[in-house]
Every structure is written in C-alpha cells, then in structure tokens.
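Asker: This is the structure alone, sequence omitted:
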DNA sequence: CCTCGGATCAGCT
DNA sequence: GCTGATCCGAGGA
C-alpha cells in the first residue's frame, strides 16, 4: 500500500497516488488532468517513471475508438473500472491507455523520463517500450496495482496544446489530443499549431489522404467515408 | 475458413 | 512528406 511515493526527479516531495475518483470523471477532463502526472512502472527492483506530456481521449460513440463496436476479447479492459490499464498491440508495437468511464479511455502518447533523460519516450509505442509495459499488463488496476501506478502532479502545466488525434482514420478532426506545450517529449506533429494562412495543406479533408490501401482483391471498393460528428 | 486493415514507427524521397 | 514492415484481432462467408 504505497500511498506515497518519493520521487527523486524534479520534485523532492512525495506525491499521492491517484485513486478511483480521479479517473471516474469525463474523459476529456481526465486526459487533460493526466498531463504532468507521473506514471510509474516497477519491475522487481527496477523502476521507471515518466512525467506524462501527451494524451488522447477516446470517447463513447467515437468511431476511432477501439470500443466503438462494443466489447471484444481484445478491448474488454476498456469496459473495466476507472483506472484500469488497457494495453493493446498494433503492428508489433504496444500502446497503453487508462480507462476512465466504461468504454472510454485515455491513450498515453508521450512522457518525459524522470531519471536522467535518455530513452525514447515520444509516441505511445516508444513510451510503453521505455516503461517496460507489455500485453501482460492489460487489465491491471492502476489505482491499486503494485506494479503500475499514477502519481498526482505538483503543478498544472503552464500551457496545454490541443489538436487532432494521431494515426486514426475516423473522426480525424476532433480536438481530442492534449499535450504540454514546450515539452520536448511530445510527439510530432506537435498539436496546437494554429492554422497558418500560408499553409493550405489541410491534409485529409474528408477522404483519407493517407494511402488508400490497395492490395489484391478488388472485390468491392468500399468508399465508406462518413460519420463525423462535428461537436465542438 | 479467409480477408482486411490498423490509436505505429523507421526510413527514404 | 510518404511508404512499407509485419502480424493478429475482428468480422464476414
């Protein structure tokens, strides 16, 4: 029961471990509130931690979310209690989320290592790799688990950049990516960059500009480009 | 059973 | 900026 954890990084005072109530809030709020917190992963005697610098929110009814089509064997952790770790693999790369409310979660995209400073921690795959998170960590309860925990931040970030999420093909324009401005660990492209009138490259307006996957099998060229709830 | 395509990353143009 | 690697879950036949 480590309620407190002495970090030797930037702050000398111990920080509280975040509990259920922190995660049991609207996902966007949690995604922002996670910026500046410390994620700790223990592996026996060894331990690594990062100051979270970049997150993304995945909501209910969100076509980009793994939970969009309901629970499956792979995404079941997303329907767990607030604070549950949802770890998945894509292209041989492991990524981690923290579940907020049922079916919603926050993807952990980047962090700044607390020890020293080396280690590639920009991007969800590299972050997990640095921390040593694997598929076996899927389903852990980060509010109680002995190996994975999240510690409260000292101060809230001075400025938060907001932008569209990375790497998705659905709901690409929703501003659900959050990052601490000026943190070097934030992955590219850096969010929050105001649309310069000189750069017309609006990339993907509607039809994904990202290569139209074409393998063999023409079968039926499905041009399903729809679904885009324009909230605000 | 078979096929599609991905919440990424590295590497080349 | 754009492409390929690479493999397994999800979903349809």
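Answerer: Right, received. Where do you want to start? Model, not experiment: these values are computed from the prediction. Residues are numbered from 1 along each chain as shown, chains lettered A, B, ... in the order given.

Asker: What ranges does chain A have for its helices?
Answerer: Ranges of helices in chain A, per DSSP state H, are A:20-23, A:27-33, A:124-131.

Asker: Now the longest one: average pLDDT?
Answerer: Same thing as helix A:124-131. Over the span of helix A:124-131, the pLDDT mean works out to 97.

Asker: what's next to it, contact-wise?
Answerer: Contact with helix A:124-131 is made by A:39, A:41, A:48-50, A:87, A:93-96, A:107-111, A:113, A:119-121, A:134, as judged by Cβ atoms under 8 Å, 6 or more residues apart in numbering. Every residue, glycine included, has its C-beta placed from N, CA and C.

Asker: In strands, which of these fall?
Answerer: Those of these mapping onto strands are A:39, A:41, A:48-50, A:87, A:93-96, A:107-111, A:113, per DSSP state E.

Asker: Briefly note if stretch A:151-166 comes near DNA strand C.
Answerer: No - counting by Cβ under 7 Å from any atom of the strand, DNA strand C is not contacted by stretch A:151-166; separation bottoms out at 11.9 Å.

Asker: So which of the ones in strands among the contacts of helix A:124-131 reach DNA strand B?
Answerer: Restricting the ones in strands among the contacts of helix A:124-131 to those touching DNA strand B (Cβ under 7 Å from any atom of the strand) yields A:93, A:95, A:107.

Asker: in the sheet, who's paired with the one residue sitting closest to the centre of chain A?
Answerer: Note on chain A: the residue nearest the mean C-alpha position is residue A:107, at 1.9 Å, using Cα atoms, centre = their mean. For residue A:107, the beta-bridge partners are residue A:56, residue A:97 (DSSP bridges).

Asker: Touching, it and residue A:54? I think so.
Answerer: No - counting by Cβ atoms under 8 Å, residue A:107 does not reach residue A:54; the two are 9.1 Å apart.

Asker: Name the residues contacting each of those two.
Answerer: Joint contacts of residue A:107 and residue A:54 (Cβ under 8 Å, 6+ apart) do not exist.
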